[in-house]
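Visitor: Got a predicted model here, sequence first, then my questions.
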Amino acid sequence: MIQLTIENARKRIANSQSKMALMLGMSTSAYQKYENYERFFRIDKAAQFSTLTGVPFESINFLGQSTIKSYKPNNLQPR
């Protein structure tokens, strides 16, 4: 499944960062932190963002690449 970044989802509806921030009820600087993945949307704000952009929730990458961690099994044995 292809996921759009927050920025690309916003740009699909040709909104500026300041207009999107206003629609979400936050400052432009706060919104920029979400778009730069310095902060993460709460579920209710992510759902609102999805509705405003018209992009399905599951098609938006709300977490960014930095949150993807590889699984490394440990070598601990059960007792």
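Guide: That came through, no problem. On a predicted model such as this, the values are computed, not experimentally measured, just so you know.
Visitor: And the strands in this protein?
Guide: Under the criterion DSSP state E, the chain contains strands at 4-5, 60-61.
Visitor: what's around the spatially closest residue to Tyr34 that is not a sequence neighbour, how many residues?
Guide: In this structure, Tyr34 finds its nearest non-sequential neighbour in Phe41, 5.7 Å apart by Cβ to Cβ, 6 or more residues apart in numbering. All C-beta atoms are positioned from the backbone trio N, CA, C, and that covers glycine. Summarising burial for Phe41: neighbours were counted as other Cβ atoms under 10 Å, giving 17.
Visitor: repeat for Gln17
Guide: Around Gln17 there are 16 other residues, counting by other Cβ under 10 Å.
Visitor: Backbone dihedrals for the residue nearest in space to the middle of the chain, please?
Guide: Centroid check for the chain by Cα atoms, centre = their mean gives Phe62 as the closest residue, at 2.1 Å. Torsion angles at Phe62 (phi, psi; degrees, to the nearest 10) stand at phi -80, psi -10.
Visitor: I'd guessed it sits against Leu4; true?
Guide: No: applying Cβ atoms under 8 Å as the test, Phe62 and Leu4 come out as separate, 10.2 Å apart.
Visitor: Okay, buried residues for the helix ranked longest in the chain please.
Guide: Using DSSP state H to define each element, the chain has its longest helix at helix 43-53. The neighbour-count criterion (16 or more other Cβ atoms under 10 Å) identifies 46, 49-50, 53 as the buried residues of helix 43-53.
Visitor: Since that was my last question, I'll sign off now.
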